[in-house]
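could you look at this predicted model? Sequence included:
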Amino acid sequence: MRVHFISIGGSVMHQLAIALHRKGYQVTGTDDEIFEPAKSNLALEGLLPGEIGWQPELITNDLDAVILGMHAKNDNPEIQKAKDLGLKIYSFPEYIYHESQTKKRVVVGGSHGKTTTTSMIMHVLRHLGKDFDYLVGARLDGFDQSVNITDAPVIICEGDEYPASAIERKPKFHFLFPHVAILTGIAWDHINVFPTFEFYLEQFIIFINKIEKNGLLIYNESDPVLKKLVEENLRDDIRYQAYGVPEHTINHGKTEVTIENATGPLRVFGNHNLMNLQAAYYACKELGVTAADFVKAIATFTGAAKRLELLASNETTNVYRDFAHAPSKVKATIEAVKQQYPARKLIGILELHTYSSLNEQFMLEYKGAMDKADNAVVFYSKHALELKRMPDLPADKVIEGFGKPGLLVMTDKNELWNWLQKQSYSKSNLVLMSSGNYDGLDMLTFAKQITQ
């Protein structure tokens, strides 16, 4: 097989390229910019393009597939050459399906918890020595790639609702056709792509209708929006498994969970993680895993990168990093830490960094998201607004949207840094929530400093 990647430097694109190279395919690729770690990863595999920029001359009749990344624009000369030659152009998820048509496909969708739930399933299957392929949106201990394509009989996929490519605007998870589907919950996000909530909901209805006949839909019945959507779009040719928070106990900051008749300790916590775990169990059960084996395996799961990741700690203080940026994610993260450590002060720092979170009209979606924090700060940089070519976001609109008494809003990284230095962290937990980098502040070093 000869495969060419347009925009090979993407975070998942380069990993698929490596996976196919390791499978024995002949792989080429181009990009107009490649950053670390993709640059080093591609170089180690001998796949780093010899020159930066688009090279239409590499698009030839003998290519079996052209795979198109999100970074490439519609007027890309390689896309035009591939069209002129009548070559098959795949978006990333279309090609994943192409490689997995003979596999049992497990797809995890939803507005939040996708990465963690997918990672939990992967962790358990690996612990039990099962053979499987995967696609997940974060680094996971024990896996050197976030994408793997082999001849395994099963594939576990995180199903993103974001558009598949520059020329294919339908959501990624519409192309995966699961035998086992999970929906973790629905909360409006990506408003630059889905301008109305109704339009966003429609994508999940389409996803349900993509489930293979005789398949299984595992869904979070504690989410009223999702529960209503499932009940209004029932199919008589698939099975349904509702789930919620499983039986558990919390003692001295440690959680134990009970699944069926099996009980064991966890290294993750919070109701959102417990629900992710319950969904992961039902998927694993469908793949032949017993409750006892699942509970034993999940006990060693420490979480996906940047999902309530413990950066540093001592006897009285924990510092967590979380990718949370959407309202439902922020609320779940804050409430999880407060529930786990009710006697500790909770300091929550949220950076607004995405198109949705920096949109003035979206602020009311954050109502109550940080209520459980004892000290709450919302930070966003003017630089981020400029890069996204967005209008100014007035601080009073942020305060009004969150509705949190005493909420501090900061737009200067030096102001945030000085505020952080002045706080007392004894008998406290600090939660850093962002999909960005706080305009360049070194939060990892800071976390270690305050816990030493």
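Received the coordinates, thanks. It should be emphasised that the depicted structure is a prediction, and the values quoted were computed from it without experimental measurement.

how is this protein carved up into domains?
The chain is divided into the following domains under automatic domain parsing: 2-87, 95-298, 309-451.

I'd like the average pLDDT over the shortest one.
Across domain 2-87, pLDDT averages out at 95.

may I have the distance across that domain, first residue to last?
Between the start and the finish of domain 2-87 there is a gap of 12 Å, counting by Cα to Cα, to the nearest Å.

gap between the two ends of stretch 183-198?
The first residue of stretch 183-198 is 17 Å away from its last residue (Cα to Cα).

buried residues in it?
Buried residues in stretch 183-198, counted by 16 or more other Cβ atoms under 10 Å: 183, 184, 185, 186, 187, 188, 189, 190, 191, 193, 194. For the C-beta atoms, the positions are set from N, CA and C on the backbone; glycine is no exception.

with stretch 273-286 instead?
By neighbour count on 16+ other Cβ under 10 Å, the buried set for stretch 273-286 is 273-286.

I'd like those as a markdown table, with distance to residue 305 and secondary structure appended.
Written out in a markdown table, the entries for the buried residues of stretch 273-286 read as follows (distance: Cβ to Cβ, whole Å; DSSP: H, G, I helix; E, B strand; the rest coil):
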| residue | distance to residue 305 | secondary structure |
| --- | --- | --- |
| 273 | 15 | helix |
| 274 | 20 | helix |
| 275 | 20 | helix |
| 276 | 15 | helix |
| 277 | 18 | helix |
| 278 | 22 | helix |
| 279 | 20 | helix |
| 280 | 17 | helix |
| 281 | 22 | helix |
| 282 | 25 | helix |
| 283 | 21 | helix |
| 284 | 22 | helix |
| 285 | 26 | helix |
| 286 | 27 | helix |
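
and those, which is the shakiest by pLDDT?
Checking pLDDT across the buried residues of stretch 273-286, the minimum falls on residue 273 at 94.

mind listing the strands for the stretch 151-300 of the chain?
Read by DSSP state E, counting those that start in this stretch, the stretch 151-300 of the chain holds these strands, from start to end of the chain: 154-158, 180-183, 216-220, 239-243, 247-251, 254-259, 262-266.

with distance to residue 3 and mean pLDDT as extra columns, can I get those in JSON lines?
Written out in JSON lines, the entries for these read as follows (distance: least, Cβ to Cβ, whole Å; pLDDT from 0 to 100):
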{"stretch": "strand 154-158", "distance to residue 3": "18", "mean pLDDT": "98"}
{"stretch": "strand 180-183", "distance to residue 3": "28", "mean pLDDT": "98"}
{"stretch": "strand 216-220", "distance to residue 3": "32", "mean pLDDT": "98"}
{"stretch": "strand 239-243", "distance to residue 3": "36", "mean pLDDT": "98"}
{"stretch": "strand 247-251", "distance to residue 3": "45", "mean pLDDT": "95"}
{"stretch": "strand 254-259", "distance to residue 3": "41", "mean pLDDT": "96"}
{"stretch": "strand 262-266", "distance to residue 3": "40", "mean pLDDT": "97"}
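
could I get those as a markdown table with distance to residue 383?
Formatted as a markdown table, the entries for those read as follows, by distance: least, Cβ to Cβ, whole Å:
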| stretch | distance to residue 383 |
| --- | --- |
| strand 154-158 | 30 |
| strand 180-183 | 36 |
| strand 216-220 | 37 |
| strand 239-243 | 42 |
| strand 247-251 | 40 |
| strand 254-259 | 39 |
| strand 262-266 | 39 |
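
out of these, nearest to residue 77?
Of all the strands of the stretch 151-300 of the chain, the one in closest proximity to residue 77, counting by Cβ to Cβ, is strand 154-158 (31.1 Å).

before we move on, the earlier item: going by distance to residue 346, which of the buried residues of stretch 273-286 wins?
Nearest to residue 346 among those: residue 273, at 16.9 Å, using Cβ to Cβ.

thought that closest one was touching residue 337?
No - here residue 273 does not reach residue 337: they are 11.2 Å apart, not a contact under Cβ atoms under 8 Å.

overlap in contacts of the two?
Common contacts of residue 273 and residue 337, defined by Cβ atoms under 8 Å, 6 or more residues apart in numbering, comprise residue 308.

now residue 8: which helix or strand?
If you go by DSSP states H and E, residue 8 is not part of any helix or strand.

please name the bridge partners of the nearest residue to it once chain neighbours are set aside.
Excluding the flanking residues, the one nearest residue 8 by Cβ to Cβ, 6 or more residues apart in numbering is residue 29, at 2.8 Å. Each beta-bridge partner of residue 29 is listed here: residue 5, as defined by DSSP bridges.

tell me the spacing between residue 29 and residue 123.
To residue 123, residue 29 is 30 Å away according to Cβ to Cβ, to the nearest Å.

more neighbours: which of those two?
Between residue 29 and residue 123, counting by other Cβ atoms under 10 Å, residue 29 is the more crowded of the two (25 against 22).

the more buried one and residue 4 touch, don't they?
Yes - between residue 29 and residue 4 there is a contact at 6.5 Å, judged by Cβ under 8 Å.

helix/strand/coil for residue 125?
With DSSP: H, G, I helix; E, B strand; the rest coil as the basis, residue 125 sits in helix.

how close does it get to residue 272?
Spatial separation of residue 125 from residue 272 under the definition Cβ to Cβ is 22 Å.

residue 230 too?
When distances are taken as Cβ to Cβ, residue 230 and residue 272 turn out to be 19 Å apart.

looking at these two, which is more packed in?
Set residue 230 next to residue 272 and count neighbours by other Cβ under 10 Å: residue 272 wins out with 26 against 21.
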